[in-house]
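Novice: A predicted structure for the sequence below; I have some questions about it.
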Amino acid sequence: MSEIPAIRTEKLTKHYGDVKALIDLDLDVHMGEVFGFLGPNGAGKTTMIRSVLDLIHPTSGRAEILGMDSHEDAVEIREHVGYLPSDLSMYPSLTGLDMVTYFSNLRGGVDMGYVDELVDRLQADLTKKVGDLSSGNRQKVGLILAFMNRPEVLIMDEPSAGLDPLIQREFQKMLREFAAEGRGVFLSSHTLSEVQRVADRVGIIRLGHLVAVESVDGLRTKAIRQVDLHFNGPVEASTFESVAGVREIVVSNGRATLSFDGQMDELLRVATSNYTLVDISTQEADLEEVFLEYYREGRAT
């Protein structure tokens with residue numbers, strides 16, 4: 001993994017009049033990883049991306065891409081970055097191939113064999129005018145434009161919008177391949193399920209504040225799961241109430257069902273030291289619940 005971050009921000013702040021869209025954002029995104037940036041619409045995700053890319057000027061703070069200042073080195077940075085905006089706009093009278101050719105010329109040429117590979121993987125049609133394409137097929141053209149120069153850093157804002165599930169899966173595979181080649185991927189989304197499938201780490205933004213940066217595995221350890229414990233006889237709910245992480249417990253006919261976000265070894269220690277455990281089953285950790293926890297009133301920002 002490169003020592004130079006793909007993206008670095010220091011106290012990055014953006015105000016629109018009295019609206020504080022981004023507040024003192026400190027973040028490092030590594031090369032060789034897919035970084036998921038999560039938050040609902042209006043949380044500050046797009047403002048962060050536009051500030052980092054020098055499309056808007058921050059109120060204060062600074063940003064770097066590949067060690068270069070995002071403002072002073074903006075032109076050079078463009079050579080190393082692929083970008084897909086959330087509000088993708090293209091010339092409606094041009095075909096997809098026209099768009100590829102136009103942006104290829106701006107970049108000084110790209111490998112058209114690689115473009116053909118992207119077209120095949122995304123099942124895109126570059127022969128039609130962009131204005132005649134569905135939103136999903138326009139999105140495919142945008143993805144090709146972002147990937148086609150094999151950038152060192154990919155920055156993507158809600159990239160799966162309009163894509164059907166099979167193409168989403170192929171796109172996620174492409175992101176993992178890019179990261180495996182040592183490139184940096186920044187993926188902004190309001191959809192947790194998309195991010196958790198592909199990301200190594202996740203940042204959660206709330207009302208302009210970065211409130212958490214976690215590995216996906218780290219989020220899972222904090223997630224609430226349902227645990228069913230089966231015993232060979234009656235059990236008392238009070239036995240488990242002292243175990244850290246037990247949220248709710250229901251006991252019936254030798255079965256204890258728990259909502260649990262603690263350490264499994266402690267739960268099993270208590271269970272087996274008091275009763276004879278016959279069977280155990282768990283349901284997948286609910287990452288959506290963890291995500292929503294950062295948006296509940298009273299959470300520090």
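Specialist: Now that the structure is in, tell me what you want to look at.
Novice: who touches the residue lying farthest from the centre of the chain in this structure?
Specialist: Residue farthest from the centre of the chain, counting by Cα atoms, centre = their mean, is residue 233 at 45.3 Å. Contact partners of residue 233, counting by Cβ atoms under 8 Å, 6 or more residues apart in numbering, are 254, 275, 276. Using the backbone N, CA and C atoms, a C-beta is placed for each residue, glycine as well.
Novice: Check it and give its pLDDT.
Specialist: pLDDT, residue 233: 94.
Novice: now it: how far from residue 53?
Specialist: 63 Å (Cβ to Cβ, to the nearest Å).
Novice: same thing with residue 4?
Specialist: As judged by Cβ to Cβ, residue 4 and residue 53 stand 18 Å apart.
Novice: higher neighbour count, the two?
Specialist: Neighbours were counted for residue 4 and for residue 53 using other Cβ atoms under 10 Å; residue 53 has more, 19 against 14.
Novice: Would you check that that one makes contact with residue 83?
Specialist: Yes - using Cβ atoms under 8 Å, residue 53 is in contact with residue 83, at 6.4 Å.
Novice: Residues that sit against both of those two, list them.
Specialist: With Cβ under 8 Å, 6+ apart, residue 53 and residue 83 have common neighbours residue 155.
Novice: Tell me who's in contact with residue 138.
Specialist: Taking Cβ under 8 Å, 6+ apart as the criterion, residue 138 is in contact with 88, 90, 130, 162.
Novice: Just say helix, strand or coil for the last one.
Specialist: Put simply, residue 162 is coil when judged by DSSP: H, G, I helix; E, B strand; the rest coil.
Novice: can you pull the pLDDT of it?
Specialist: The per-residue pLDDT reported for residue 162 equals 89.
Novice: Near it, how many other residues are there?
Specialist: 18.
Novice: cool, the third one as well?
Specialist: Other residues near residue 130 number 21, with proximity taken as other Cβ under 10 Å.
Novice: That one - nearest residue in space that isn't next to it in sequence?
Specialist: Nearest residue to residue 130 in three dimensions, chain neighbours excluded: residue 90, at 4.6 Å (Cβ to Cβ, 6 or more residues apart in numbering).
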